[in-house]
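J.: the sequence isn't on hand, but the structure is:
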């Protein structure tokens, strides 16, 4: 039977006054967040643990969620990172689905989606016409919402009051909440690089470890000098939640990294940070890009790629004219900026997720490109040393 | 192609399909798709380029053959899309495996063994279970699956004995693995993407064509999904795919271990399904890619603004279910496995799996109200379990029945090799059914949640009604009172992320909001035919589309709303009508759409028997049936009423009677004399209809037929052995009737019209008989008040004409008539349906050239089926070709249907038994002899033929067939009950080895005609 014993009501109140009734699952809780949707058809464990979703209530457009259960959070890969997740806990504030699967089937599953969310204190609502909800978001833009589940959920008025009282998504510094508080080291390779953690997905670290680097993950607000102490071959400025304009320290450090010729790769929020570090500006998209089917076109080659994306903000292409940044990729649908490269410095960035997880692996070459940049930089630095010695 | 200003020449002898309609290509050759004819066409037309990937395996094979023969290079014809070199990799098993291994893509591991010891050491490496294939035996005999050493020894020993090469191939067995497919689009710039992935519910052990398929995959994780996705793109790149391909994988159900199974470097049944499942126009985009466009340059046609370079996101669950007709073949196994047997398929869309699977069960049109069979078929649990282990066409219903009778889910899943996820979803349906049942009428009436849940899980009103023993209309009334109504959702390729201009819709009960608001314009609803099956196929897609176009072009209709559920049709292409509901053709669903759209009326006469059968009920419920009235349809369909009508207007018909008891039936038959045709009313291509030759046979058959249809009387009519069968397709406005063509069957009456070879114009019907046929046709149309297309079948003996039956809808042969005469009868019918008059119009002129339609049979695929034809239709397709002479048209048509015309020096076999009709056989054989083609026969027949054929033993004949010495087999056994087992063996072997196979003297005469005058080359 689809409905577990003692099914309980759930309410979703949107900022525009829309109230949706459904059935609750996961934790019994009342939460407030920004309502967004993702069009991926697989990958809920990865998405839900993606720190970039902090502060957001996520609506899955695919109607059947939880089919293959939830794998073990303890299981680690060869690098000691969680094999199946993008961070150590669920990061979304809540989820909205048409139907959650109470009886999953998969060899790697150790628990149901609902049970996992219960443990993680995250509520979910099902039985909602998610397609209608997505249409609302598409037409009116993302908005704040309050989600309440439980045997005795709050009244509409209470929910409304809660929604009004709560801080708006854009004003909260979520990066601070999800970044590491002190540096953490991964791997033992001599080839060392730094990841500035604005809410980094484990798979970004996994990709660099897999390419033979050791990684130092540093707090989002690490100053330039702090980062350079690790003598990195290059620096990744990671993905993360919230408005990039709240990341002043990261922007500042990135600016100095670029100036000093340290290879930099920005991913998602990291792209926005790179853009701002060079004087570019960002803006908020009406309803963001969240899915695994997003087309981007490489400006230099005309090649198209299908990418995984999760972003609500983007770099304003107009604002790039006064910088040395050029669009590397543009979105195939709305032509928004999906990647940047610096014309004179070894700095690149992508708005999408080359690490996939969830999503397609087609743009993993971005990490290869970055590795090549780091190698080239090392060679030219060595060459310079030789030259200066000769002089 | 046309958008690019390119002139297209289409080669396809399939007469009935909409794809060979004049508007589809600039020039159409109704000629066999084989190297000989295609080479001639290239010589004549001198095309710049050729597309090989759009005509299935036939076109692909033909393309590879002419490329190898140097035809393409000789005439400078460029292959567009995937090049022949790439196709060869995907077509050659070993080359494929080597190529995949080279790029690190795993294929099933296998090794040959020449002894039992060797086999054991191979298995040590591979691990159990393994599957053995025996080299060089026919039809895979001697193979099998071994789970342990005992089974291994036994199978290997047997296989080695059978194998001429004394070799068995041992391969890891992966029948229980998940079967996952990806549809890949790739352009010449190396941009690649997946349009859709699909999961086969019945795992690897059942061919994907016979599998129940869901899109997207349901039970695999992100890691598995994208691992396989990347492998598919990588493999497509290696094979140089430009355009579209399908790739199949097996995925171990308890790990991330996979095997690459195959690539189809062409548009396939799966890609058609993927296209309908996602709304992504795969063939269109593939064609553009073949012309050199890159994916990034092309637009998503659904949104009009976004790019074609993306992967569709589905926000619904799609389920494809095959339609089998194995039970129409006497002796055929109903088992399903690695060889495809299904003839058609349906696709259902729901917000959940349960809704989709229940819809699909109804769409199959096999009289099921949902996935729960009305009656429990198997009381014996052990037998039921055996049925789960050895799946047949009933597998999904067997699984549900197993859950109904309480076999635990895990056991059901294990036995049926269906993932527990699917089984648990089916269990949800069973549980909901039980809740409805226990709630009873009052409970359902009181608690809206019960009904609402049932509807969400895809229950039809009828299914609910049956569960609580009330009328379907009561359930509908309750539902409406409770406000439980279906909602309409759109398929837009991207899960509502972008505003889309889509009119591609489905209906669901798992929604609160409607979309795609109907317009206020003048519109007409046209119902399609549902799944392809024997007796209802592409011809009704032709009818549906032509009706939709004609209505639109009439200027009297602004919008055409099509309802259909067959993913293989053009009528379910979302850009072919103004609105497409990919939905069930049940009264409940049609009515809900009708009430929402409020059209001027519904056209039920172009989708074959399925919509036709709904006429009465829809009419009663307030639907305006356009064209011929529901009552007229009923008058023609009800044999009794129709017979009275004929008597009333004085038109002769074979003696007939309707009987409720055996005694009455026997008395009648004794009076009119055998043979007789026995049938129930409302037949669809002759199910349960049969020619009966004597009283004993009558009694045994009636016992069976009475069981099938206890409420219906049995109708018996006199059968004539030596009559011709002639049929007419016409359109009437009630006053004036326009006859499209009179067609003559080559075979004598008794062969179903769908299986008959037909000619336009007639060859041997007298002028007087034809005059009678025209007059009778007009009289019947007038009496019935026909307003639309209709078809009448006649028996003709010399100048005498009698009516067999009349169908007041577009017939199977209508596209043949329209294409042969150049007069589109559907267009005429559309004008009548919209109130136009035919006054002053004469019959369509007989064409100058000959047109011959020939059936295509699939006996080879129907394991065990006795290849005989008769009053029940068995062919699964048809072709038609044209020619200046009868022999030219005939030989082209026969070749196109897969026959090879024998020539001097060839040998033939003729089989007959005591019940066979051998009249004319002797002169036919003498004709063959004079053409240099000698026949052998079974001794009794040889004796009765007086030296026209040499006597041969069954073994000798089997050897002739097996070695390829026999170029033609004619089996005159028409009476199944007396079929001799030994002759069956020869027949069976002939069809398995695809030796030209005929069943009547008349067909033999037709082949002889062709053998005597070989076709001229095109010029």
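T.: Now that the structure is in, tell me what you want to look at. Because the structure is predicted, anything quoted here is derived from the model rather than measured.
J.: which one is residue 347 nearest to, not counting chain neighbours?
T.: Here I'm looking at chain A. The spatial neighbour of residue A:347 that comes closest, neighbours along the chain excluded (CB to CB, 6 or more residues apart in numbering or on different chains), is residue A:264 at 4.3 Å. For the C-beta atoms, the positions are set from N, CA and C on the backbone; glycine is no exception.
J.: oops, chain B please
T.: Nearest residue to residue B:347, sequence neighbours excluded (CB to CB, 6+ apart): residue B:567, at 4.1 Å.
J.: and the one you found, its phi and psi?
T.: The phi/psi pair for residue B:567 (degrees, to the nearest 10) reads phi -70, psi -10.
J.: how many residues are close by it?
T.: Neighbours of residue B:567 under the rule other CB atoms under 10 Å in any protein chain shown: 23.
J.: residue contacts, it?
T.: By CB atoms under 8 Å, 6 or more residues apart in numbering or on different chains, the contact list for residue B:567 reads B:272, B:273, B:275, B:276, B:277, B:320, B:345, B:346, B:347.
J.: show me which residues of the stretch 151-300 of chain A are close to chain B?
T.: Remark: the part of the stretch 151-300 of chain A in contact with chain B comprises A:291, A:292, A:293, A:294, A:295, A:297, using CB under 8 Å from any CB of the partner chain.
J.: assumed residue B:793 was part of a helix.
T.: No: membership of residue B:793 in a helix is not supported by DSSP: H, G, I helix; E, B strand; the rest coil, which gives strand.
J.: how close does residue B:301 sit to residue B:383?
T.: Spatial separation of residue B:301 from residue B:383 under the definition CB to CB, to the nearest Å is 51 Å.
J.: cool, and residue A:289?
T.: 55 Å.
J.: same check, this time on residue B:414
T.: Per CB to CB, residue B:414 is found 17 Å from residue B:383.
J.: how is chain A divided into domains?
T.: When chain A is parsed with automatic domain parsing, its domains come out as A:8-170, A:174-380.
J.: check which helices and strands the longest helix anywhere in chain A sits against.
T.: Using DSSP state H to assign secondary structure, the helix with the most residues in chain A is helix A:365-390. If contacts are counted by 3 or more CB pairs under 8 Å, 6 or more residues apart in numbering or on different chains; DSSP states H and E, helix A:365-390 sits against strand A:264-267, strand A:347-350.
J.: helix or strand with the lowest mean pLDDT in the chain?
T.: With no chain named, the answer covers chain A. Of all helical and strand segments in chain A, the minimum by mean pLDDT, DSSP states H and E falls on helix A:365-390, at a mean of 87.
J.: try chain B instead
T.: For chain B, judged by mean pLDDT, DSSP H and E, that is helix B:695-708, with a mean of 69.
J.: next up, the contacts around residue 80.
T.: No chain was given, so I picked chain A. For residue A:80, the set of contacting residues under the criterion of CB under 8 Å, 6+ apart consists of residue A:186.
J.: wrong chain, I was asking about chain B
T.: Under the criterion of CB under 8 Å, 6+ apart, the contact partners of residue B:80 comprise B:49, B:50, B:51, B:290, B:291.
J.: could you measure from residue B:174 over to chain A?
T.: When CB to the nearest CB, to the nearest Å is the yardstick, residue B:174 and chain A sit 16 Å from each other.
J.: so what's residue B:821 closest to, chain neighbours aside?
T.: residue B:844 (4.9 Å).
J.: kindly report the same for residue A:317.
T.: Using CB to CB, 6+ apart and skipping residues adjacent in sequence, the residue nearest residue A:317 is residue A:337, 5.1 Å away.
J.: with residue B:201 instead?
T.: Counting by CB to CB, 6+ apart, the residue nearest residue B:201 is residue B:212, at 4.1 Å.
J.: pLDDT score for that neighbour?
T.: Reading off the per-residue confidence, residue B:212 sits at a pLDDT of 98.
J.: tell me the contacts of it?
T.: With contacts taken as CB under 8 Å, 6+ apart, residue B:212 has the following neighbours: B:200, B:201, B:202, B:319, B:320, B:321, B:322, B:357, B:360, B:396.
J.: name only those of the residues of the stretch 151-300 of chain A next to chain B that count as buried.
T.: Judged by neighbour count, with 16 or more other CB atoms under 10 Å in any protein chain shown as the criterion, the buried members of those are A:291, A:292, A:293, A:294, A:295, A:297.
J.: quick check: buried residues in the longest helix of chain A?
T.: Going through helix A:365-390 with 16+ other CB under 10 Å, the ones that come out buried are A:366, A:367, A:369, A:370, A:371, A:373, A:374, A:377.
J.: distance of the closest residue to the fifth one other than its chain neighbours from residue B:36?
T.: Excluding its sequence neighbours, the residue lying closest to residue A:371 (CB to CB, 6+ apart) is residue A:211, at 5.2 Å. Remark: distance between residue A:211 and residue B:36 (CB to CB) = 57 Å.
J.: surely residue A:363 and residue A:309 touch.
T.: No: here residue A:363 does not reach residue A:309: they are 10.6 Å apart, not a contact under CB atoms under 8 Å.
J.: now stretch B:420-433, how far from the centre of its chain.
T.: Averaging C-alpha coordinates over stretch B:420-433 and over its chain gives two centres that are 29 Å apart (CA atoms, centre = their mean, to the nearest Å).
J.: flag every buried residue along it.
T.: Using 16+ other CB under 10 Å as the burial criterion, the residues of stretch B:420-433 that qualify are B:420-430, B:432-433.
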